[in-house]
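> Sequence plus the predicted model coming up.
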Amino acid sequence: MNPQPPVTRMRIAARTSSAEGGALADFPMLRDRLDAWKTRLAETGWTPWLILGLAVFLRFFLLGIKPPHFDEGINGWFVDQIVKNGFYRYDPTNYHGPLHFYVLLLSQTLFGRNVWALRLPVVLVSISCVWLCFKFELLVGRNVARMAALAMAVSPGFVFYGRYSIHEVWLVLFSMLFILGLLGLWKFGTPNYLWSAGMGLAGMILTKETYVIHVGCAAFAVPVLFFSNKLNLLPDARPARQTWGYVDLAFVIAVGALAIVFFYSGTFFHWSGIKGLYQFYPAWFATGHEGHGHEKEAYNLIWKNHSWINYYWIALMARYEWPVLGGLTLCVFCQRLKNLSLRYLAIYGVGTLIAYSIVNYKTPWCIISFIWPFLFIFGAAMLIIPLRYRLVTYVASIVLLCASLGSTIWLNYFRCTTDTEPYVYVQTYNDICKLTRPLLQLAKRDPRYYQLTGHMIRTSAYPLPWILGDFPHIGYYEHENLPAKLDADFLLVQEDRIKEVEPKLHDSYYTAPLKIRAYQDTSKLYLRAKIFKEFFPGLSPDFMGKGTS
């Protein structure tokens with residue numbers, strides 16, 4: 001007989017059981033971390049998640065509803081040049097840092113050449129900006145941070161340009177990170193805020209040369225805040241004891257410098273690109289002074305080069321950004337604020353507004369670069385307006401937010417290509433779909449159609465060079481240039497060159513007028529009948545060339 005196991009009164013510890021070898025009890029650090037996350041989630045509540053969910057929905061919904069913008073086409077072309085050359089060749093006269101192009105390269109490599117892949121990185125960055133508003137909670141208070149996040153989530157400008165593949169959204173993210181770090185160092189002095197300030201500064205340098213404005217205004221706001229404190233003392237005016245050391249500072253500087261060198265040097269393949277870190281100044285200051293076609297003289301009260309009285313940005317706020325305008329108005333009463341971070345944001349926000357007003361170069365998407373501090377002042381309305389007007393303040397805030405949401409829906413989903421909207425600036429018209437839709441449908445159905453030939457006989461055909469970048473036999477002819485053989489599977493001919501081109505065509509074509517964007521002449525589209533006839537059922541070609549019988 002087999003002996004029976006000994007009887008014992010001892011209980012076997014659960015962690016020694018062979019059946020539960022992967023239980024969390026075996027990983028106390030992971031268990032404690034999960035418990036901490038659960039506790040934080042319970043304390044946070046669902047409000048931030050609802051705000052973030054709204055921001056995600058507004059930015060992703062019908063993302064491809066509008067064609068690529070002119071600048072998006074240019075940015076996509078730069079990505080193609082990275083693929084061709086193996087690196088980004090930084091040009092100080094381009095006024096844009098290299099980071100955005102490398103991120104677009106990654107997105108396009110993963111998801112292909114399409115509008116979603118082109119816009120996805122900026123959409124995610126725009127959502128991150130809303131999330132970053134919550135990180136100001138320890139500095140400005142929970143309610144203020146959440147109101148700012150909600151206002152940004154539904155802002156017409158932040159949504160509209162958060163659905164564009166442009167650099168400004170990156171500048172918003174990194175400038176917010178930079179200011180968060182500065183304020184956090186003052187109030188808490190911990191290493192994480194040192195990293196925030198350092199990475200924010202490095203990110204701004206990697207994004208756009210206008211970082212100079214933001215760094216300058218951030219520095220100038222410090223002495224202004226000092227005098228503001230002299231007039232009305234702040235309870236948190238004394239800086240916290242700094243708990244980071246020289247080693248932390250050295251690591252932050254090293255990581256930021258390495259990132260800057262890595263990208264500006266074309267990932268170490270174009271070392272002369274690093275010179276652009278200082279070579280851009282003359283060209284950038286010239287552009288800011290002269291405007292290069294983007295002046296907004298109609299918004300000057302008096303025109304004698306007194307651009308400091310230009311109210312273009314105020315007009316845009318009055319048209320779209322009502323919570324921002326409310327926050328700007330409340331900045332007049334910022335001395336009532338007993339919070340150093342809020343008072344600093346008010347001073348910094350007004351300073352950047354003045355700086356951007358002085359610069360003659362004005363494109364509407366720049367507005368999101370400097371209006372975000374006013375959202376926090378809008379959220380702080382209850383701290384500025386006397387308590388006896390609390391109900392009125394609540395009602396006014398709700399009305400402004402609802403108006404902002406309504407304007408966002410109307411602009412982004414109904415009038416996103418309507419050029420009478422000030423935010424819709426040099427936007428590509430849906431007219432280009434007359435060419436791109438049938439052409440891409442054919443190529444998607446049968447890859448052999450990628451070999452079709454095409455002639456773009458007009459100036460500035462962007463964003464078509466990026467949209468049709470997978471078609472290797474498309475030629476672009478500006479000025480007086482013409483191909484040796486004019487007949488092609490499709491042509492796009494500028495209006496003033498039609499009389500020059502048509503007598504030299506021999507095939508039959510379906511034609512249609514096509515205008516790429518505002519401020520351009522209309523072109524005439526020619527689609528070869530024998531290839532595109534399925535898109536014109538029951539119709540005969542309306543242009544017959546010399547060789548047509």
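Arrived safely. Note that this is a predicted model, so its numbers are computed, not measured. Residues are numbered from 1 along each chain as shown.
> Any regions of the stretch 401-549 of the chain where pLDDT drops low?
When the per-residue scores of the stretch 401-549 of the chain are filtered using pLDDT under 70, the ranges that remain are 547-549.
> how about the strands of it, start to end?
Secondary structure of the stretch 401-549 of the chain (DSSP state E, counting those that start in this stretch): strands located at 454-457, 474-477, 490-494, 508-514, 523-528, 543-544.
> For the fourth one, enumerate the helices and strands it packs against.
Under the contact criterion of 3 or more CB pairs under 8 Å, 6 or more residues apart in numbering; DSSP states H and E, the helices and strands touching strand 508-514 comprise helix 433-445, strand 523-528, helix 529-532, strand 543-544. The C-beta positions use only the backbone N, C-alpha and C, and glycine is treated the same way.
> Tell me which residue lies nearest the centroid of the chain.
For the chain, the residue whose C-alpha lies nearest the mean C-alpha position (CA atoms, centre = their mean) is V169; its distance is 2.7 Å.
> Could you write out the alpha-carbon coordinates of the helix or strand encompassing that residue in PDB?
Here V169 sits within helix 168-187, counting by DSSP states H and E. Backbone C-alpha positions of helix 168-187 (Å, rounded to 0.1, in the frame of the first residue of the first chain) are rendered in PDB as follows:
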ATOM      1  CA  GLU A 168       1.100  75.000 -35.500                       C
ATOM      2  CA  VAL A 169      -0.600  72.300 -33.400                       C
ATOM      3  CA  TRP A 170       2.900  70.900 -32.500                       C
ATOM      4  CA  LEU A 171       3.800  74.500 -31.400                       C
ATOM      5  CA  VAL A 172       0.800  74.600 -29.200                       C
ATOM      6  CA  LEU A 173       1.700  71.300 -27.500                       C
ATOM      7  CA  PHE A 174       5.300  72.200 -26.900                       C
ATOM      8  CA  SER A 175       4.600  75.700 -25.800                       C
ATOM      9  CA  MET A 176       2.100  74.400 -23.300                       C
ATOM     10  CA  LEU A 177       4.600  71.900 -22.100                       C
ATOM     11  CA  PHE A 178       7.200  74.600 -21.700                       C
ATOM     12  CA  ILE A 179       5.000  76.900 -19.700                       C
ATOM     13  CA  LEU A 180       3.700  74.000 -17.600                       C
ATOM     14  CA  GLY A 181       7.400  73.200 -16.700                       C
ATOM     15  CA  LEU A 182       8.200  76.800 -15.800                       C
ATOM     16  CA  LEU A 183       5.200  77.200 -13.600                       C
ATOM     17  CA  GLY A 184       5.700  73.800 -12.000                       C
ATOM     18  CA  LEU A 185       9.300  74.600 -11.200                       C
ATOM     19  CA  TRP A 186       8.300  77.700  -9.500                       C
ATOM     20  CA  LYS A 187       5.600  76.100  -7.400                       C
END
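> what helices or strands is it leaning on?
Under the contact criterion of 3+ CB pairs under 8 Å, 6+ apart, the helices and strands touching helix 168-187 comprise helix 115-134, helix 137-140, helix 156-161, helix 191-207, helix 211-231, helix 340-358, helix 372-379.
> what's the most buried one of these?
Counting by mean count of other CB atoms under 10 Å, helix 372-379 has the highest mean neighbour count of those, with a mean of 28.
> Pull the residues that contact whichever helix or strand comes after that one.
Using DSSP H and E, the helix or strand that follows helix 372-379 in sequence is helix 381-384. When contacts are taken as CB atoms under 8 Å, 6 or more residues apart in numbering, the neighbours of helix 381-384 outside the stretch itself are 141, 143-144, 326, 330, 333-334, 336-339, 342, 377, 390, 393, 396-397.
> repeat that with 6 Å
Contact partners of helix 381-384, identified using CB atoms under 6 Å, 6 or more residues apart in numbering, comprise L330, F333, R336, T393.
> Tell me if I'm right that the last one and L387 touch.
Meaning T393. No - the pair formed by T393 and L387 falls short of the contact definition of CB atoms under 6 Å, at 9.2 Å.
> more crowded one of the two?
T393 (15 against 7; other CB atoms under 10 Å).
> Check which residues of stretch 45-52 are buried.
P48, I51, L52 (16 or more other CB atoms under 10 Å).
> Please tell me I have it right and the residue nearest to the centre of the chain contacts V125.
Yes - at 5.0 Å, V169 and V125 qualify as touching, with contact defined as CB under 6 Å.
> Scan this structure for its longest helix.
Longest among the helix segments of the chain by residue count, using DSSP state H, is helix 390-413.
> okay, A298: pLDDT?
The pLDDT attached to A298 in the predicted structure is 60.
> Could you measure from V224 over to Q335?
Noted for V224: a distance of 12 Å to Q335, by CB to CB, to the nearest Å.
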